[in-house]
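Peer 1: Curious how this folds, go ahead:
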Amino acid sequence: MIRWVLFSVIGTAALAGVSLIGKNTSPGQGAKEKEVQQQSDNETGTPFAVVELFTSEGCSSCPPADDLLGEIVKDAQKGQQRVYCLSFHVDYWNSLGWRDPYSDPAFSRRQREYARAFKSDQVYTPQMVVNGSTGFVGSDRTRARKQIDAALKQPVRAAVKLSQEQTKDASSVVFAYEVRRAARGSALNVAVVEGGLVSKVKRGENGGRTLRHENVVQALETGLLGEAATGTVQLKLPADLVRKNSLAIAYVQDIDTWAILGATAVELQPADPPLAAEHSYAGRRTCQ
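Peer 2: Take a look at the predicted model:
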């Protein structure tokens with residue numbers, strides 16, 4: 001059974017109060033050591049589909065949607081399609097006996113903003129949204145395939161370029177970005193997603209089940225693009241994140257309609273190991 005939640009419609013947008021992402025935005029002096037020689041290349045105008053799934057380990061209807069997202073990820077890899085999947089775990093079912101370890105209130109707020117864009121006063125799980133313009137039940141395989149196929153035939157409206165900058169801090173990651181052809185005031189989302197996650201749920205509607213997740217959002221930064229749509233953005237990473245199983249996905253969004261205008265992705269690269277002298281002096285912990 002799909003679970004629904006009613007919420008009050010207020011005028012505060014999800015982007016209100018966020019830091020501006022713009023030219024010369026930097027994580028701080030000395031953070032940039034060198035640039036990884038891997039860059040996204042979606043400046044060719046190749047069509048794309050951004051698939052966002054709003055899900056919860058506390059919802060018994062969600063595992064089929066999680067499995068479907070995993071299928072979409074694998075199919076896109078096999079077909080070398082620009083299909084970028086993100087699994088947002090909401091927090092509003094955490095009171096039902098099981099706290100989803102991947103949930104975040106920010107992801108619930110993001111889903112509510114989609115509801116407002118779709119002129120609805122309800123949110124539910126599982127919900128899938130394709131390119132920010134179409135929402136439907138997240139386990140609906142036929143609808144998902146149809147919407148993704150349609151998205152892959154639409155022209156690209158903004159070009160996005162992303163490259164990782166290497167740092168010695170394993171607890172965060174820095175990306176340089178460049179956006180072209182996007183209207184001033186568009187929003188840039190940069191997310192780190194991790195695949196291959198396994199969770200043993202002990203309580204709640206999925207109590208006793210072992211759930212598998214792909215492309216779980218582990219870090220997200222969103223901000224408004226300035227006049228010069230270039231800069232850097234830093235994301236804090238969970239201590240147990242496995243970089244070799246992770247991607248960074250960047251996508252530009254119209255803040256009025258929430259339609260996604262352009263997107264790209266890069267694989268996460270390992271952090272440089274700190275020098276022994278620095279480790280000894282600063283008391284830092286090396287994370288792998």
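
Peer 1: Report how many residues lie close to Q122.
Peer 2: Counted with other C-beta atoms under 10 Å, the neighbours of Q122 add up to 12. From N, CA and C alone the C-beta is placed, and that goes for glycine too.

Peer 1: Show me what it is bridged to.
Peer 2: For Q122, the beta-bridge partners are L6 (DSSP bridges).

Peer 1: remind me which residues of this structure are low pLDDT?
Peer 2: Applying pLDDT under 70 to the chain flags the ranges 1-44, 227-228, 273-288.

Peer 1: Number of residues surrounding L68?
Peer 2: L68: 20 surrounding residues under other C-beta under 10 Å.

Peer 1: how about it, secondary structure?
Peer 2: What DSSP: H, G, I helix; E, B strand; the rest coil gives for L68 is helix.

Peer 1: where along the stretch 51-200 of the chain do the strands fall?
Peer 2: With DSSP state E, counting those that start in this stretch as the criterion, the stretch 51-200 of the chain has strands at 83-89, 122-125, 127-130, 134-137, 159-166, 172-180, 187-194, 197-200.

Peer 1: Would you reformat those as JSON lines and include distance to N215?
Peer 2: Converted to JSON lines, these look like this (distance: least, C-beta to C-beta, whole Å):
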{"stretch": "strand 83-89", "distance to N215": "4"}
{"stretch": "strand 122-125", "distance to N215": "16"}
{"stretch": "strand 127-130", "distance to N215": "12"}
{"stretch": "strand 134-137", "distance to N215": "18"}
{"stretch": "strand 159-166", "distance to N215": "16"}
{"stretch": "strand 172-180", "distance to N215": "16"}
{"stretch": "strand 187-194", "distance to N215": "4"}
{"stretch": "strand 197-200", "distance to N215": "9"}
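
Peer 1: isn't F136 right up against R143?
Peer 2: Yes - if you go by C-beta atoms under 8 Å, F136 and R143 touch, sitting 4.8 Å apart.

Peer 1: Show me whatever sits in contact with both of these two.
Peer 2: M128 (C-beta atoms under 8 Å, 6 or more residues apart in numbering).

Peer 1: Quick check: bridge partners of the spatially most central residue of the chain?
Peer 2: In the chain, the C-alpha nearest the mean C-alpha coordinate belongs to A191, at 3.8 Å (C-alpha atoms, centre = their mean). Per DSSP bridges, the residues bridged to A191 are L220, I249.

Peer 1: That one: what's it in contact with?
Peer 2: By C-beta under 8 Å, 6+ apart, the residues touching A191 are 86, 217, 219-221, 248-250.

Peer 1: same question, S108
Peer 2: So S108 contacts 90-92, 123 (C-beta under 8 Å, 6+ apart).

Peer 1: V216 and V73, how far apart?
Peer 2: In this view, V216 and V73 are 11 Å apart by C-beta to C-beta, to the nearest Å.

Peer 1: Which one of these two is surrounded by more residues?
Peer 2: Legend: neighbour count by other C-beta under 10 Å for V216 and V73, higher for V216 (24 against 20).

Peer 1: Can you give me every residue that contacts the more buried one?
Peer 2: So V216 contacts 87, 89, 102, 193-195, 197 (C-beta under 8 Å, 6+ apart).

Peer 1: that older thread, now the buried members of the contacts of A191.
Peer 2: Using 16 or more other C-beta atoms under 10 Å as the burial test, those include 86, 217, 219-221, 248-250 as buried.

Peer 1: Closest one of the residues you listed to A239?
Peer 2: A219 (12.0 Å; C-beta to C-beta).

Peer 1: Just confirm that closest one contacts V192, I think it does.
Peer 2: Yes - counting by C-beta under 8 Å, A219 touches V192, with 4.3 Å between them.
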